[in-house]
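In: Sharing a model that was predicted from the sequence below.
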Amino acid sequence: MATIHWRERLAIPFVALGTQYFYDGGTVHWWPGTLIALLFTTVIWEGNVLILRNARRRFPRPDQTAHRFLVQIPAHLVYTLVSGSLLKMGLSCTIPEVVCNMPTLTHSFLMNLIPTALVVLVYETVYFFQQWKANLLRVEALARAAGQRELEALRQQLDPHFLFNSLNTLAALIDEQPAAAQLYLSQLADVYRYVLLAREQETVSLADELAFVDAYLHLNQIRFRDNLRVQNTISATAHPRRVAPLSVQTLVENALKHNVVSREHPLALRLESAGPDAIRVANSVRPKTLLAPSTRTGLRNLISRYALLTESPILVLAGESEFSVELPLL
């Protein structure tokens, strides 16, 4: 609930002066009238602020605004009428010049009601915008929390996906190249260490990601040898920029997973800059003959992760001879 600060009461003298000037102008009774106006303003102000505070305590939420007004408006009217009339009658008993009858009481009530309505309107307007801002911040916080949960869920999918494909490669090497399999297993431990560290971060530097991709490609070149041809021309100026963890690796892995890599059909893989704010991973296209079409889960996962990190989209271009993906740099 928004609080009513004591500094707001510094406006009381100015409201009293404005009321007195409107009521009495510049007559000889200016200063006595100003003191009386200050007394009226202080008493009426404090009572109405108390009504405001109690109404906000009972109905603090924005959806309870109508209920709060139904309580406040009659309370403000009654308090302003009663307190103003009592003050008027008390002053008439001590100051003979102060006239107290029905016309003067009515006039006094109307004069007190104008600043009361203005002050209450200001308080309620400020309170409304405070509530609106608080709700906006709350919605943004909930959206960020939901985004974090979704991002974490997507990151958790990386480990099984990466491990599954790595173990498949290792299994193939054990049958075909036992010595290479032992080296592969040793290097796989180093590579997987990066996976475990990267999954705890929302972003990593491009330099770290490329170092990991180099290690990952080295593992695959143990198996594919010269049938895997890699060209990396990414500018060094882009290395301090950030990317999603395992993002470049996912694109490299997809190229290896979905295309033939053989002596007759070597896989050409290019990593290059795509302007100052993006990099491109491109590969030649020679689709494997699969029993079932690719679901592109890895690419969809990557696009979803980037949607939570930046407004810049991932650009996918699928041609007959080349498939390329542009990753925005963060």
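Out: Cool, the structure landed. Residues are numbered from 1 along each chain as shown.
In: so where's the stretch 201-330 of the chain uncertain?
Out: 290-297 (pLDDT under 70).
In: need the strands for it, in chain order.
Out: For the stretch 201-330 of the chain, the strands defined by DSSP state E, counting those that start in this stretch occupy 204-205, 228-232, 242-243, 267-273, 278-284, 315-318, 322-328.
In: For those strands, could you give me a markdown table that also reports mean neighbour count?
Out: To be clear about C-beta, it is placed using only N, CA and C from the backbone, and glycine gets the same treatment. Formatted as a markdown table, the strands of the stretch 201-330 of the chain follow (neighbours: other Cβ atoms under 10 Å):
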| stretch | mean neighbour count |
| --- | --- |
| strand 204-205 | 18 |
| strand 228-232 | 14 |
| strand 242-243 | 20 |
| strand 267-273 | 19 |
| strand 278-284 | 21 |
| strand 315-318 | 12 |
| strand 322-328 | 20 |
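In: can I get these in a markdown table with distance to Tyr123?
Out: Shown next, in a markdown table, are the strands of the stretch 201-330 of the chain (distance: least, Cβ to Cβ, whole Å):
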| stretch | distance to Tyr123 |
| --- | --- |
| strand 204-205 | 50 |
| strand 228-232 | 64 |
| strand 242-243 | 46 |
| strand 267-273 | 57 |
| strand 278-284 | 51 |
| strand 315-318 | 52 |
| strand 322-328 | 47 |
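In: nearest to Val260, of those?
Out: Checking the strands of the stretch 201-330 of the chain against Val260 by Cβ to Cβ gives strand 267-273 as the closest, at 7.4 Å.
In: out of the strands of the stretch 201-330 of the chain, nearest to Ser166?
Out: Among the strands of the stretch 201-330 of the chain, if distance is taken as Cβ to Cβ, the winner is strand 228-232, at 15.7 Å.
In: circling back to that earlier point, just so I know, which of the strands of the stretch 201-330 of the chain lies nearest Arg58?
Out: Once the strands of the stretch 201-330 of the chain are compared by Cβ to Cβ, strand 242-243 is nearest, at 49.4 Å.
In: In its sheet, which strands sit next to that closest one, and in what direction?
Out: strand 204-205 (antiparallel) (DSSP bridges).
In: Show me how far the lengthiest helix in the chain is from its chain's centre.
Out: For the chain, the longest helix by residue count, based on DSSP state H, is helix 102-156. Helix 102-156 sits 20 Å away from the centroid of its parent chain (Cα atoms, centre = their mean, to the nearest Å).
In: and it, what does it pack onto?
Out: Here helix 102-156 is seen to pack against helix 12-24, helix 30-58, helix 65-94, helix 297-309 when contacts are counted using 3 or more Cβ pairs under 8 Å, 6 or more residues apart in numbering; DSSP states H and E.
In: out of the ones you listed, which comes closest to Asn168?
Out: Using Cβ to Cβ, the nearest of the helices and strands packed on helix 102-156 to Asn168 is helix 297-309, at 14.2 Å.
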